[in-house]
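>>> I'll drop the sequence and a predicted model, then ask my questions.
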Amino acid sequence: MNKNNAHEIMDDHKMARAITRIAHEILERNGGAESLVIVGILTRGAHLAARLAETIKGIEGVDIPVGLMDINLYRDDVHFNPDQPEVRKTEIMFDIDEKNLILVDDVLYTGRTIRAALSQIIDLGRPWTVQLAVLVDRGHRQLPIRADYVGKNIPTSFEDNVRVYFTESDESDQVVLYPATDKKSKNGEIK
Amino acid sequence: MSLSSRHLLQLEGTPKKDLDLILDTAESFREILDRPIKKVPPLRGKTVVNIFYEPSTRTKLSFELAEKRLSADTMTFTTAMSSVRKGESLKDTVRNIEAMKIDMVVVRHSSAGVPYYLTQCLEANIINAGDGTHEHPTQGLLDIFTIRQKYGKIKGLRVLLVGDLKHSRVARSNIWGLKTLGASVAICGPSTLLPYEAEKFGIDVYTDIDEAMEGVDVVNILRIQLERQKAGLFPSQREYTNLFGITTERLKRLNKNYTIMHPGPMNRGVEISNDVADSPASVILSQVTNGQAVRMAVLYLLSGAEEQGNKV
């Protein structure tokens, strides 16, 4: 990705404020932290899930169970792909039955990842509610899915690329929009 | 992520990156076996046929369950109840089965090379579930997976295989896989049950069990195939037990934190004593559970590799 035409949408301060606001919204809507469990979708949804749990602990002083989920076995495009997607470990070491489960991902786009995650959650138990928290909603849904908590809405074109970076796996906390033309010029051969 | 072959025929020559990919993927599938609903959808719409020309309990059930847990449609075919008894040839049998539009074949046969032969006459992905005295790759993989689960690594461990090494396809798959992953491998058994020129595999060969056990981390005890006794390869069962049977007394020479494995079916009191088989160091039942995760990983990884030509 050509960094020259990339736009920074959120810096570390904006990200931290958005995460704090989402944490407060989750607590407000669920009347506290008692019934909550958080599940982050690998890789960067898991980072965001850990940040949310930490922020909620700062506010309420309660440790919320946090799990990780890999959704690749539930993808709907397995048969279109000659290469099988890598399967990573799902680690949900607690009971999700009757809980308010906060499902967390970094970017909400077509909604297909969330559909896969919902199918998997139903195989794991029966939460009382599933609520979706994302840092960025960039539109272009292909399924009837919406987020309950959104850090920032970003209008994009379908071909753009939005990346969320976390210091856990990247150099800095940052949300960056890579416009479509960039992505194409990167490969050179595509007009 | 995909394997470099669209079939799993043997661990000999299987590159390290393929072994690592299967073992890592199996790690993820292992978690599914602890869920309340032990089923995931990636093989929906695929049909897998298990063709067993030889008796089997563990391997057959384990493959069937692995297939079902991946949501594949599955059929199992054993020769006793089939037209094989009317004289139908292997090739005709499998081509007829393939004409029913199947995607993958799991095969066990008493002749070495049958799985390879099937890759030449079928389009389906072929998985070897044991061919003659050649290899039993998924058993080798699940043994290696079980070792890796306990020690977190394979490299640098000393693994000893004891028993009938000459006729054991399990041993052969273990030796190739363990060597590729950097373990030091030793074998021990009566000289009539050791393969010719075994040293050329790059392994240490012993005929004295007490000497062989020195400094070993993992002992994998192979079944003594009692039917071989008729061939006169060892004088008596009691003599075998005295010279090679694994007893608590013999375990003292092993490294601390040692592991006891057996691919089953066990002859208790022959190659393994009761107290060893049921000791805390024995991972024999974990091997069976892990077998499912490993077979799920193999089925999953191979099922993606259908459209890429006839790469063996």
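Now that the structure is in, tell me what you want to look at. Numbering: from 1, shown residues only, chains lettered A, B, ... in the order given.
>>> what is the residue positioned nearest the centre of chain A paired to in the beta sheet?
The C-alpha lying nearest the average C-alpha coordinate of chain A belongs to A:Asp105 (CA atoms, centre = their mean; 0.9 Å). Following DSSP bridges, A:Asp105 is listed with bridge partners A:Val134.
>>> Would you check that it makes contact with A:Arg112?
No: assessed by CB atoms under 8 Å, A:Asp105 is found out of contact with A:Arg112, at 11.3 Å. C-beta: built from backbone N, CA, C; applies to glycine.
>>> Now tell me what touches the worst-scoring helix or strand of chain B on mean pLDDT from outside.
Comparing helices and strands within chain B by mean pLDDT, DSSP states H and E singles out helix B:90-98 as the least confident, with a mean of 89. Taking contacts as CB atoms under 8 Å, 6 or more residues apart in numbering or on different chains, the residues outside helix B:90-98 that touch it are B:49, B:51, B:53, B:77, B:82-84, B:105, B:109, B:114, B:117-118, B:121-124.
>>> Kindly report the same for stretch A:115-122.
Outside stretch A:115-122, the residues that touch it by CB under 8 Å, 6+ apart are A:39, A:41, A:69, A:71, A:73-76, A:90, A:96, A:101, A:103, A:105, A:127, A:130, A:143, A:145, B:40-41.
>>> if we can go back for a sec, buried residues, the least confident helix or strand of chain B. List them.
By neighbour count, with 16 or more other CB atoms under 10 Å in any protein chain shown as the criterion, the buried positions of helix B:90-98 are B:Leu90, B:Thr93, B:Val94, B:Ile97, B:Glu98.
>>> Please identify which of these is nearest to chain A.
Minimum separation from chain A among the buried residues of helix B:90-98 (CB to the nearest CB) is found for B:Glu98, which lies at 19.7 Å.
>>> in a helix, that's where B:Glu31 is, yeah?
Yes: according to DSSP: H, G, I helix; E, B strand; the rest coil, B:Glu31 belongs to a helix.
>>> if I pick the nearest residue in space to A:Gly151 that is not next to it in sequence, what's in contact with it?
Distance criterion CB to CB, 6 or more residues apart in numbering or on different chains; nearest residue to A:Gly151, sequence neighbours excluded, is A:Ala18 at 3.6 Å. By CB under 8 Å, 6+ apart, the residues touching A:Ala18 are A:Met10, A:Leu135, A:Gly151, A:Lys152.
>>> Looking at the residues you listed, spot the one nearest chain B.
Checking the contacts of A:Ala18 against chain B with CB to the nearest CB, the nearest one is A:Leu135 at 25.5 Å.
>>> any idea which helix or strand carries the nearest residue to that closest one once chain neighbours are set aside?
The spatial neighbour of A:Leu135 that comes closest, neighbours along the chain excluded (CB to CB, 6+ apart), is A:Gly151 at 4.0 Å. Per DSSP states H and E, A:Gly151 falls inside strand A:149-153.
>>> Torsion angles phi and psi at the residue of the stretch 101-250 of chain B found nearest chain A?
Going by CB to the nearest CB, chain A is nearest to B:Asp103 of the stretch 101-250 of chain B, at 11.0 Å. Per-residue torsions, B:Asp103: phi -110, psi -30 (degrees, to the nearest 10).
>>> Now for the residue nearest to it when sequence neighbours are not counted: which residues touch it?
Of all residues not flanking B:Asp103 in the chain, B:Lys46 sits nearest, at 4.5 Å (CB to CB, 6+ apart). Under the criterion of CB under 8 Å, 6+ apart, the contact list for B:Lys46 reads B:Ala72, B:Asp73, B:Asp103, B:Met104, B:Ser303.
>>> who's in contact with the last one?
Taking CB under 8 Å, 6+ apart as the definition of contact, the neighbours of B:Ser303 are A:Gln84, B:Pro42, B:Leu43, B:Lys46, B:Ala72, B:Asp103, B:Met104, B:Asn125.
>>> Which of these sits closest to B:Ala186?
Each of these was scored against B:Ala186 by CB to CB, and B:Asn125 proved nearest at 34.3 Å.
>>> Give the phi and psi angles for the residue of chain A found nearest chain B, as a check.
When you check chain A against chain B by CB to the nearest CB, the closest residue turns out to be A:Gln84, at 3.5 Å. Here the main-chain torsion angles of A:Gln84 (degrees, to the nearest 10) amount to phi -70, psi 140.
>>> mean confidence score for stretch A:178-191?
On average, the pLDDT along stretch A:178-191 is 55.
>>> Following the chain past the least confident helix or strand of chain B, name the next helix or strand.
For helix B:90-98, the succeeding helix or strand toward the C-terminus, using DSSP H and E, is strand B:104-109.
>>> what is the orientation angle of whichever helix or strand comes after that next one with strand B:104-109?
Taking DSSP H and E as the definition, the helix or strand that follows strand B:104-109 towards the C-terminus is helix B:114-121. Relative orientation of helix B:114-121 versus strand B:104-109 (axes from the mean of the first three to the mean of the last three CA atoms, to 10 degrees): 140 degrees.
>>> Between strand B:104-109 and the helix or strand following helix B:114-121, find me the angle.
Toward the C-terminal end, the helix or strand that comes next after helix B:114-121 (DSSP H and E) is strand B:125-131. If you take the same axes, to 10 degrees, strand B:125-131 sits at 20 degrees to strand B:104-109.
>>> Could you check the helix or strand following strand B:125-131 against chain A for contacts?
Remark: after strand B:125-131, the chain's next helix or strand is helix B:137-151, criterion DSSP H and E. No: interface with chain A: helix B:137-151 contributes nothing (CB under 8 Å from any CB of the partner chain), its closest point being 13.0 Å away.
>>> And helix B:137-151, what's buried?
Under 16+ other CB under 10 Å, the buried positions of helix B:137-151 are B:137-149.
>>> So for the residue of chain A closest to chain B, what's the pLDDT?
What the model reports for A:Gln84 is a pLDDT of 83.
>>> quick one: it and A:Val78 touch, right?
Yes: judged on CB under 8 Å, A:Gln84 makes contact with A:Val78 at a distance of 7.2 Å.
>>> any chance you could map the strands in the chain?
No chain was given, so I picked chain A. Secondary structure of chain A by DSSP state E: the strands cover A:7-10, A:36-41, A:66-69, A:100-108, A:129-137, A:149-153, A:161-165, A:174-178.
>>> right idea, wrong chain: chain B
B:47-52, B:73-78, B:104-109, B:125-131, B:158-162, B:184-188, B:204-206, B:218-221, B:259-261.
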